[in-house]
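Student: Sequence and predicted structure, then a few things I'm wondering about:
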Amino acid sequence: MTTSAATILIVDDHPANRRLLEVLLAPEGYTTVCASNGQEALDMVARQAPDLILLDVMMPGLDGHAVARRLKSEASTSSIPIIMVTATLDRSARLASLDAGAEDSLTLPVDRAELWLRVRNLLRLKAFTDFLRNHGAILEQQVQARTADLQRFRTAMDATADAIFLIDRETLQFVEVNGTACSMLGYTREELIQRGSAEGGSVEPGVASAAEVRRLADGIMTGHGQDNHLTEFDIPRKDGLMVPVEVNRMAHRFGSSWIVVAVARDITERKNSEGRLHRMAHYDALTSLPNRTLFYDVLRSSIAQAGTTGAQVAVLFIDLDNFKNVNDTLGHAAGDELLARFSDRLVGCVTGEDTVGRLGGDELGVILLSDDAPSRAVVVADRIRDVLRRPFTLGGRSVVTAASIGITIFPDDATTAEELLQYADTAMYQAKQNGRDTYRFFRAQMNADALARLELEIALRSAIDNDEFVLHYQPKIRLDTGRVAGLEALLRWQRPGHGLVSPAEFIPVLEECGLIVRVGNWVLDAVCRQVRLWRDGEIGDMPVAVNVAQRQFIEGDLQAEIVSILADNGVPAHLLELELTEGSLMANTAHTVSVLQGLRRHGVQISVDDFGTGYSSLAYLRRFPIDKLKIDIAFIRDITTHPEDAAITLAIIGLAHSLKLQVIAEGVETAEQLDFLRAHGCDQIQGYYFSRPLALPALNVLLRESGGLLNMLSRTA
């Protein structure tokens, strides 16, 4: 607005005065409007505000001072400059005008030049004031807009789950941080920005110095504003705890400066998950010990360290003795508890520099790094045996166990982790073979024996598939008639390239590698097929006894298997006799009793083999459905020379007869033994004196030619 284009309101109750002022202002190009009284002036201002007002002081109704006060009290009109026009301008009148809010005053008659100058100056002042006011409003709008932009920016930053730090490259100050950064590090926004100032020291998470920040920023700027590499590190919280983060950085130009944007993601949960996965992959869930994988890694590291320092490494391979019995009798939960508690005791047997791990099942291992590993291994092995002598309480029961330990030494026995552990396993097996609850150092011969046993196990698995097993039969003779009372079926292995293998060599292996049940079922089926052939031929009914292993009662359904085999072959149940050792009877007792009672109801005969060498408990003789007792060969061998053996034999015969059980003496080899047994009422005998175990061709000849009666027995009568 120019001052010449301004609108001036003239307020005066005298028309002549109004006309005079219009005439005086006209040459300057001002637009004039007039009001004859104060109220009219206020109405005109309300409709259209003028740029300046010439206001007469003395008017009827609202005088000039009242109008001025009204205008200056309203925000919309307070900025309109007012010049008071009065007939007299003394000091008190001038002060009254100024007090009413007028900016200036004139006296009538008005001097034209003075009027022009006063009007011009006030209009210029108003124009400048309007400019300042408008510019201030614009600035305020800009500030408000920028504040809104900043708020929107902060809202957007705060909406992300990542912490964002904006850093000025030159000042190394935090220009801005988001709410996630504050909550992540435990600071307010103001505290965090202050910490990130040049005065605050640390200026960027994970970076140690200002120079490093600049170097980092320069590298990002050189790389076109983007850092393509994620960086992982820990940053400190206000409370001193460390937060693992993954940081990506970018750089943006703002005018002549650069802003580095660091985006940090809290990876605590990921690190925890990685830790859990690492633990699952490297530690045993039951015992919390290193698992087989981690044990091997530690062993390899120990070997490498020993190779550098000249030290030795001892590996102890530990296996709990009779652990299977705990699982079978008390349950797997008790077995797990035993392993966990034993692991705790085992850790107490070594130092923090040694390693204890679970290799699988009830097998554990220890790694010892020492200048004298053999001596340390002996000390640790003795400690392990000592801690096992204290009972474990499992499910309210006291359990005592022991361990067999195999020991190998690097570099004496082997130079690789795999060989050391393999040879320690071999030595442990040798410790078991030597009575358990002991330890053995590895010797080269052990490995040869282990390889031979492995070869034997592989050959046995093939023997089942290739039908290499055969049965021999040994007659049992009734002493009162001299007739064959039945036969005992004895398993033999016709191993290709080796000939006939003794049962003592392969039966234990069948039991240890879990093949005994499969082979036992084959024996039962083969016996019943042969009994059927005899029954349909000239020999007739011939009872056959079959040895049954303990595992046949535990695994599968022995009763159903036998009943099915008898039915498939059409053999009466009384022609089949099961021979069990005392140990088989006492294992898993309730189940064994149930199976034997079921078989007895079908008519199958039950006998106890090797009686007198095991539990020899009257309790199980009462509980189990037993038909016969077999006196072990250990008592028969010296029956005529050792009074103790004779007394035991007589006691067994008397006990059996009092329980209405038959007695069979096995291992009879001399006429003197025969005479003693017959004289004291033994029911049946079995041994080399009459016949070795015979293959089927020879046995059939014996049975057909004798007609079931052995003349040698009658000759001694």
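Tutor: Structure received. Numbers count the residues shown, from 1 in each chain.
Student: Tell me the confidence at the residue lying closest to Leu576 once chain neighbours are set aside?
Tutor: Excluding the flanking residues, the one nearest Leu576 by Cβ to Cβ, 6 or more residues apart in numbering is Val604, at 5.3 Å. For glycine as for every other residue, the C-beta is placed from the backbone atoms N, C-alpha and C. pLDDT, Val604: 96.
Student: OK, contacts around Val604?
Tutor: Val604 is in contact with 562, 573-574, 576-578, counting by Cβ atoms under 8 Å, 6 or more residues apart in numbering.
Student: from these, which would you call buried?
Tutor: Among those, those classed as buried by 16 or more other Cβ atoms under 10 Å are 562, 573, 576-578.
Student: what's the closest of those residues to Ala373?
Tutor: Leu578 (51.4 Å; Cβ to Cβ).
Student: Verify the contact between the closest one and Ala545 for me.
Tutor: Yes - the pair Leu578 / Ala545 is scored as a contact, 7.3 Å apart, by Cβ atoms under 8 Å.
Student: what touches both of these two?
Tutor: Each of 605, 607 lies in contact with both Leu578 and Ala545 under the rule Cβ under 8 Å, 6+ apart.
Student: possible to save the buried ones among the contacts of Val604 as TSV with distance to Leu192?
Tutor: Shown next, in TSV, are these (distance: Cβ to Cβ, whole Å):
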residue	distance to Leu192
Ile562	82
Ala573	89
Leu576	88
Glu577	90
Leu578	84
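Student: what does the model give the most centrally placed residue in the chain for pLDDT?
Tutor: For the chain, the residue nearest the mean C-alpha position is Met280 (3.8 Å; Cα atoms, centre = their mean). For Met280, the model assigns a pLDDT of 81.
Student: do the same with Glu204
Tutor: 49.
Student: got it, and Arg390?
Tutor: pLDDT recorded at Arg390 is 92.
Student: and it, how many neighbours?
Tutor: Arg390 has 8 neighbouring residues, counting by other Cβ atoms under 10 Å.
Student: my read is it is in a strand, agree?
Tutor: No - the assignment for Arg390, made by DSSP: H, G, I helix; E, B strand; the rest coil, is coil rather than a strand.
Student: For stretch 96-115, what is the distance to the chain centroid?
Tutor: The chain centroid and the centroid of stretch 96-115 are separated by 95 Å under Cα atoms, centre = their mean, to the nearest Å.
Student: One more: stretch 688-705?
Tutor: Remark: stretch 688-705 is offset 64 Å from the chain centroid, using Cα atoms, centre = their mean.
Student: Show the end-to-end separation of it, please.
Tutor: Separation of the first and last residues of stretch 688-705 by Cα to Cα, to the nearest Å is 19 Å.
Student: who touches that stretch?
Tutor: In contact with stretch 688-705 (Cβ under 8 Å, 6+ apart) are residues 470-475, 477, 484, 487-488, 490, 492, 530, 534, 538-539, 542, 667-671, 673-674, 710, 712-713.
Student: Now, those that are in strands?
Tutor: Per DSSP state E, strands hold the following members of these: 470-475, 477, 484, 487-488, 490, 492.
Student: of the residues you listed, buried ones?
Tutor: For the ones in strands among the contacts of stretch 688-705, a neighbour count by 16+ other Cβ under 10 Å gives the buried set as 471-475, 477, 484, 487-488, 490, 492.
Student: could you dump those residues to CSV with distance to Leu115 and pLDDT?
Tutor: What follows is those, written out as CSV (distance: Cβ to Cβ, whole Å; pLDDT from 0 to 100):
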residue, distance to Leu115, pLDDT
Leu471, 148, 96
His472, 152, 96
Tyr473, 154, 97
Gln474, 155, 96
Pro475, 159, 96
Ile477, 163, 94
Val484, 162, 93
Leu487, 155, 97
Glu488, 151, 97
Leu490, 149, 96
Arg492, 147, 95
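Student: of all these, which comes closest to Lys324?
Tutor: Leu490 (27.0 Å).
Student: Does that closest one touch Val470 like I think?
Tutor: No - shown here, Leu490 and Val470 do not form a contact pair, counting by Cβ under 8 Å, at 9.8 Å.
Student: doesn't Phe553 make contact with Ser584?
Tutor: Yes - with contact defined as Cβ under 8 Å, Ser584 counts as touching Phe553 (6.7 Å).
Student: what touches both of those two?
Tutor: Shared contacts of Ser584 and Phe553, counting by Cβ under 8 Å, 6+ apart, come down to Thr592.
Student: Among the buried ones among the contacts of Val604, which lie within helices?
Tutor: Residues from the buried ones among the contacts of Val604 lying in helices, with DSSP state H as the criterion: Ile562.
Student: Of the ones in strands among the contacts of stretch 688-705, just say which sits nearest to Phe442.
Tutor: Nearest to Phe442 among the ones in strands among the contacts of stretch 688-705, counting by Cβ to Cβ, is Arg492 at 34.1 Å.
Student: measure the closest one to Phe611 for me?
Tutor: 25 Å (Cβ to Cβ, to the nearest Å).
Student: do Arg345 as well
Tutor: From Arg345 across to Phe611, the span is 39 Å (Cβ to Cβ).
Student: Who has more neighbours out of the two?
Tutor: Neighbour tally, Arg345 and Phe611, criterion other Cβ under 10 Å: the higher count belongs to Phe611, 26 against 15.
Student: how about the more buried one, what does it touch?
Tutor: 582, 629-632, 652 are the contacts of Phe611 under Cβ under 8 Å, 6+ apart.
Student: what sits opposite it in the beta ladder?
Tutor: Phe611 has these beta-bridge partners by DSSP bridges: Ile631.
Student: how close does it get to Gly583?
Tutor: 12 Å.
Student: swap in Lys126?
Tutor: Per Cβ to Cβ, Lys126 is found 122 Å from Gly583.
Student: now swap in Pro543 and tell me
Tutor: Pro543 is 24 Å from Gly583, by Cβ to Cβ.
Student: For these two, indicate the residue with more neighbours.
Tutor: For Pro543 versus Gly583, neighbours defined as other Cβ under 10 Å are more numerous around Pro543 (17 against 12).
Student: What about Asp536, how many residues nearby?
Tutor: For Asp536, the count of nearby residues is 10 (other Cβ under 10 Å).
Student: What of Thr293?
Tutor: Thr293, neighbours per other Cβ under 10 Å, totals 12.
Student: and it, which of the three is it?
Tutor: Assigned state for Thr293: helix (three-state reduction, three-state DSSP).
Student: for Phe553, same thing?
Tutor: Following three-state DSSP, Phe553 is assigned to helix.
Student: Please name the nearest non-neighbouring residue to it.
Tutor: Closest to Phe553 by Cβ to Cβ, 6+ apart is Thr592, at 5.1 Å.
Student: which residues touch Ala573?
Tutor: 566, 599, 602-604.
Student: 7 Å instead, please
Tutor: Residues near Ala573 by Cβ atoms under 7 Å, 6 or more residues apart in numbering: 566, 602-604.
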